[in-house]
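Asks: kindly generate the corresponding structure for this input.
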Amino acid sequence: MFFEVCSQPTMVIFNNTTSSSSNFLLTAFPGLELAHVWISIPVCCLYAIALLGNSTILFVIIVERSLHKPMYYFLAMLSAVDLCLTISTLPTVLGVLWFHAREISLKACLIQMFFVHGFSFLESSVLVAMAFDRFMAICNPLKYAIVFTDMIILVIGLVICIRQVILIFPMILALTRVSFHGGQELSHPFCYHPDMIKYTYSNPWISNFLGMFLQLYLTGTDLLFILFSYVLIL
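Replies: Next comes the predicted model:
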């Protein structure tokens, strides 16, 4: 009896969800809406572990001067990227699970998409830099200190960041120039490019092509470089 009484307000919230033509509806665990509060417990634990773990790595590397070396600089970059990627999805995921806040505007969705895809691709780029760092340390140890100076590491970090912005921005810009079927349900509790291009009025081939190109160019080439570097090490 108590469960039935408590479930009725929740069902009313979901049945009365409305959306304007420029908004989308986020989705988390379809069919388990009544269990969102319980599902949020392990999700929050995972988020807490990710935030605490990456923050601890950054803090230790910054404070401990003996770790101010190229390998640990790249590890700090990876932890920072993971931390930012976690934060970029945290508000909407917990908003859906805790407050049933499924509705998100087009502008907010595009902003979140920029950061989610940007940090995802940035992570693979940092892994490429880390693979090259290990290749030089193992295969060319005498040149390692000459190649990986603090200035070179700073330049590598800036180039990686600028590369992501230059390549991700056209994909987001292309989505701002098309019309969408508003009120549609996305497949994730955060904005994801393949989800959004399904609901365009006009032909989304430009945005579709850019998304596929970025996926193949960034993730594909980064994976090839990583594999190639470790093959050379072996």
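Asks: hey, let's count contacts and neighbours off CA atoms from now on
Replies: OK.
Asks: after the one helix or strand residue 62 maps to, which helix or strand is next?
Replies: For residue 62, the host element (DSSP states H and E) is helix 36-63. Downstream of helix 36-63, the next assigned helix or strand under DSSP H and E is helix 70-99.
Asks: which stretches in the chain count as strands?
Replies: 23-25, 103-105 (DSSP state E).
Asks: most tightly packed of these?
Replies: Greatest average neighbour count among the strands of the chain goes to strand 23-25 (a mean of 23), per mean count of other C-alpha atoms under 10 Å.
Asks: could I get the strands of the chain as a markdown table with distance to residue 67 and mean pLDDT?
Replies: Formatted as a markdown table, these follow (distance: least, C-alpha to C-alpha, whole Å; pLDDT from 0 to 100):
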| stretch | distance to residue 67 | mean pLDDT |
| --- | --- | --- |
| strand 23-25 | 45 | 90 |
| strand 103-105 | 42 | 92 |
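Asks: reformat the ones you listed as CSV; add distance to residue 151.
Replies: Listed next are the strands of the chain as CSV, based on distance: least, C-alpha to C-alpha, whole Å:
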stretch, distance to residue 151
strand 23-25, 44
strand 103-105, 41
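Asks: which stretch among the ones you listed comes nearest residue 187?
Replies: Closest to residue 187 of the strands of the chain, according to C-alpha to C-alpha: strand 23-25, at 9.0 Å.
Asks: helices or strands up against the closest one?
Replies: strand 103-105 (3 or more C-alpha pairs under 8 Å, 6 or more residues apart in numbering; DSSP states H and E).
Asks: chain center to the strand it packs on, what's the gap?
Replies: 19 Å (C-alpha atoms, centre = their mean, to the nearest Å).
Asks: can you list the low-confidence ranges for the chain?
Replies: 1-21, 182, 202-208, 210-211 (pLDDT under 70).
Asks: would you point out which residue is most central in it?
Replies: Centroid-nearest residue in the chain: residue 116, 3.2 Å away (criterion: C-alpha atoms, centre = their mean).
Asks: next up, the contacts around it.
Replies: By C-alpha atoms under 8 Å, 6 or more residues apart in numbering, the residues touching residue 116 are 85, 88-89, 192.
Asks: sorry, back to before: give the buried residues for the helix holding residue 62.
Replies: 36, 39-40, 47, 50-51, 54-55, 57-58, 61 (16 or more other C-alpha atoms under 10 Å).
Asks: so what secondary structure elements neighbour that helix?
Replies: helix 70-99.
Asks: how many degrees apart are the helix it packs on and helix 36-63 in direction?
Replies: Going by axes from the mean of the first three to the mean of the last three C-alpha atoms, to 10 degrees, helix 70-99 is angled at 160 degrees with respect to helix 36-63.
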